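K.L.:
Pasting the sequence and the predicted model now:
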Amino acid sequence: MMPMAAPLTDVRLWLSGSGLEILLILLGAVLLTRFAKWLKTMITQRIDANDAESDVLVRSEAAKHRHALAQVLTWTVLVIVYCISGVQIAARLNVPTSSLVAPAAVVGVALGFGAQRLVQDLLAGFFIITERQYGFGDLISIAGPWVPEGVIGTVEEVTLRVTKIRTANGEVIFTSNGNIAQVTNLSRDWARVVVDVPVPVSVDIGQVGEILRQVGREAFADDELAFVAEVAPRVGRAVRTALLTHPVEQPAGRGPGLVLFDDAHQLVSANPEAAAWLEEVETLHQAFSTELGIPLPEAVLFAAIEARVLGSRADAPAATGVRTRVRTRGGSWLLVHASCLRQADGSLGQTAVVISPAKASEVAPLIVQAYELTPREVDVTRALARGLSTNEIAGELHLSRYTVQDHLKSVYEKTGVSTRGELVAKVFADHHKPGLDAAIDGSYARA
């Protein structure tokens with residue numbers, strides 16, 4: 001039994017000595033890794049919060065650089081922590097590092113040939129960061145031997161080795177920094193708008209150029225640009241709120257219309273606004289004819305019939321009505337509200353139908369059903385229509401920003417759009433366009 005005691009004692013001594021140190025080294029490496037990632041997250045969130053509070057249209061170049069620098073420093077710290085931990089663990093395992101000098105030289109030469117691409121990536125990433133070629137949030141075009149025509153996307157992450165960008169289609173592309181032959185930064189400091197101005201052939205081109213330069217100097221002065229940049233976010237939010245909560249002013253000041261039906265569902269009275277609305281309602285079949293000479297769409301008649309049936313029930317609540325939506329031939333939406341009136345003795349009277357312009361919030365459910373959006377996609381779209389950014393939507397819905405981007409990609413595909421502005425216009429504001437056009441035409445006519 002005595003020969004077995006010494007090995008067991010040696011194992012216990014090693015576990016209480018070097019083994020415990022190795023465990024502590026591994027635990028320290030894990031804690032340092034988590035702390036570095038947590039610190040990077042706090043720094044980037046602080047940068048994003050400062051940009052959100054500044055009310056600027058685009059992220060500043062300094063913010064982009066700080067964002068990219070935080071990512072690179074975190075990646076560098078993690079590499080250093082892992083390397084030091086590996087060396088310390090090897091020393092605790094009594095690995096003779098001095099005897100590995102000669103083999104390490106041979107392995108280093110072999111790795112120098114085999115890993116030269118890695119060295120090239122690291123050097124290229126170093127110069128990308130120090131020269132501030134691009135940063136987090138920049139819209140860039142990357143060209144290289146693998147894709148000479150270039151790939152356009154938004155930078156989501158920059159490290160010393162790779163650059164991650166997301167295209168407009170939602171695709172995530174990882175590119176080794178050493179493979180980047182040319183980078184075009186499409187969102188740095190300034191942008192250019194090309195405007196085509198048709199002129200007659202006989203006109204003096206030099207005079208036209210001077211006039212255009214003068215107009216450009218007057219229209220784009222620095223103080224005016226600063227004013228537009230300051231008020232644009234507020235005006236955009238106000239217009240978006242108005243479209244989502246109030247119907248657009250209708251031409252000629254037309255208000256709600258009132259239609260009355262008798263107990264036989266015959267049209268007995270209608271005000272001029274109702275007659276005008278009924279003339280514009282789009283129908284699948286020919287409208288019913290009436291003694292008043294007003295066409296009666298089937299949707300309005302069926303709403304009146306349903307309201308009277310509900311009102312005739314013994315268990316009907318005090319306020320019983322039917323609400324439906326119809327579309328005009330011009331493309332706008334109308335809200336039809338039908339309810340059964342009661343006489344002084346409690347008996348049923350005539351059926352009243354009120355026709356008025358529909359709010360965007362009342363039309364949105366129809367559009368959502370038409371595009372077959374999921375409940376989560378509806379939540380993301382509504383938050384987007386309120387002007388929230390991707391990070392704000394992720395925080396409000398308790399999702400990751402990448403999940404929000406995946407939902408947006410699905411919504412884009414279902415609705416056939418490619419930008420946020422097109423999505424909001426198509427899902428929420430298209431039915432307001434006829435009224436807006438008419439209001440604009442009316443304002444020009446009055447002017």
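P.N.:
Received it, and whenever you're ready, just let me know what you need.
K.L.:
Quick one: low-confidence residue ranges for the stretch 251-400 of the chain.
P.N.:
Within the stretch 251-400 of the chain, the stretches with pLDDT under 70 are 251-253, 284-287, 289, 314-320, 331, 360-370.
K.L.:
So which residues of it form strands?
P.N.:
For the stretch 251-400 of the chain, the strands defined by DSSP state E, counting those that start in this stretch cover 257-261, 267-270, 321-327, 333-342, 348-357.
K.L.:
So which elements touch the last one?
P.N.:
Counting contacts by 3 or more CB pairs under 8 Å, 6 or more residues apart in numbering; DSSP states H and E, the secondary-structure elements packed against strand 348-357 are strand 257-261, helix 272-280, helix 298-311, strand 333-342. Backbone N, C-alpha and C define where each C-beta goes, glycine included.
K.L.:
The lengthiest strand in the chain - which strands sit beside it in the sheet, and in what orientation?
P.N.:
Longest strand in the chain by number of residues (criterion: DSSP state E): strand 147-158. With DSSP bridges as the test, strand 147-158 is paired with strand 139-144 (antiparallel), strand 162-166 (antiparallel).
K.L.:
Return the distance of the last one from the chain's centre.
P.N.:
For strand 162-166, the separation from the chain centroid amounts to 19 Å (computed by CA atoms, centre = their mean, to the nearest Å).
K.L.:
per-residue confidence averaged over the helix or strand just after it?
P.N.:
Following strand 162-166 in sequence order, the next helix or strand is strand 172-176 (DSSP states H and E). Across strand 172-176, the average pLDDT comes to 86.
K.L.:
Ok, stretch 119-137 next?
P.N.:
Here the average pLDDT along stretch 119-137 is 80.
K.L.:
What's the local residue count around the closest residue to Ala383 other than its chain neighbours?
P.N.:
Leaving out its chain neighbours, the residue that sits closest to Ala383 by CB to CB, 6 or more residues apart in numbering is Ile393, at 4.5 Å. For Ile393, the count of nearby residues is 23 (other CB atoms under 10 Å).
K.L.:
List the residues that contact Ile393.
P.N.:
380, 383-384, 399, 404 (CB atoms under 8 Å, 6 or more residues apart in numbering).
K.L.:
rewinding a little: among the helices and strands packed on strand 348-357, show me which one is buried the most.
P.N.:
Of all those, strand 257-261 has the most neighbours on average by mean count of other CB atoms under 10 Å, namely a mean of 22.
K.L.:
got the CA coordinates for that one in PDB?
P.N.:
Extracted as PDB, the C-alpha positions of strand 257-261 are listed here (Å, rounded to 0.1, in the frame of the first residue of the first chain):
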ATOM      1  CA  GLY A 257     -72.000  62.700 -44.600                       C
ATOM      2  CA  LEU A 258     -75.300  61.400 -43.100                       C
ATOM      3  CA  VAL A 259     -77.600  58.800 -44.600                       C
ATOM      4  CA  LEU A 260     -81.000  57.700 -43.200                       C
ATOM      5  CA  PHE A 261     -82.700  54.400 -43.900                       C
END
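K.L.:
in its sheet, what does it sit against?
P.N.:
Strand 257-261 is paired, per DSSP bridges, with strand 267-270 (antiparallel), strand 348-357 (antiparallel).
K.L.:
Serialize the strands paired with strand 147-158 to TSV and add fields for mean neighbour count.
P.N.:
As requested, the strands paired with strand 147-158 are exported to TSV (neighbours: other CB atoms under 10 Å):
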stretch	mean neighbour count
strand 139-144	18
strand 162-166	20
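K.L.:
of all the ones you listed, which lies closest to Ala90?
P.N.:
In terms of CB to CB, the element of the strands paired with strand 147-158 nearest to Ala90 is strand 162-166, at 28.3 Å.
K.L.:
Quick one: mean pLDDT over the closest one.
P.N.:
On average, strand 162-166 scores 87.
K.L.:
Now do the contacts for Thr76.
P.N.:
Applying CB under 8 Å, 6+ apart, the residues contacting Thr76 are Leu160.
K.L.:
that's a helix at Phe126, yeah?
P.N.:
Yes. Counting by DSSP: H, G, I helix; E, B strand; the rest coil, Phe126 falls inside a helix.
K.L.:
so who does the nearest residue to it once chain neighbours are set aside touch?
P.N.:
Leaving aside its chain neighbours, Phe126 sits nearest to Leu160 (6.1 Å; criterion: CB to CB, 6+ apart). Contacts for Leu160 (CB under 8 Å, 6+ apart) come out as 72, 75-76, 121-122, 125-126, 129, 177.
K.L.:
cutoff 10 Å now
P.N.:
Each residue near Leu160 by CB atoms under 10 Å, 6 or more residues apart in numbering is listed here: 71-73, 75-76, 79, 121-126, 128-129, 177.
K.L.:
Is it possible to mark the buried ones in these?
P.N.:
In these, burial by neighbour count holds for 71-73, 75, 121-122, 124-125, 128-129, 177, counting by 16 or more other CB atoms under 10 Å.
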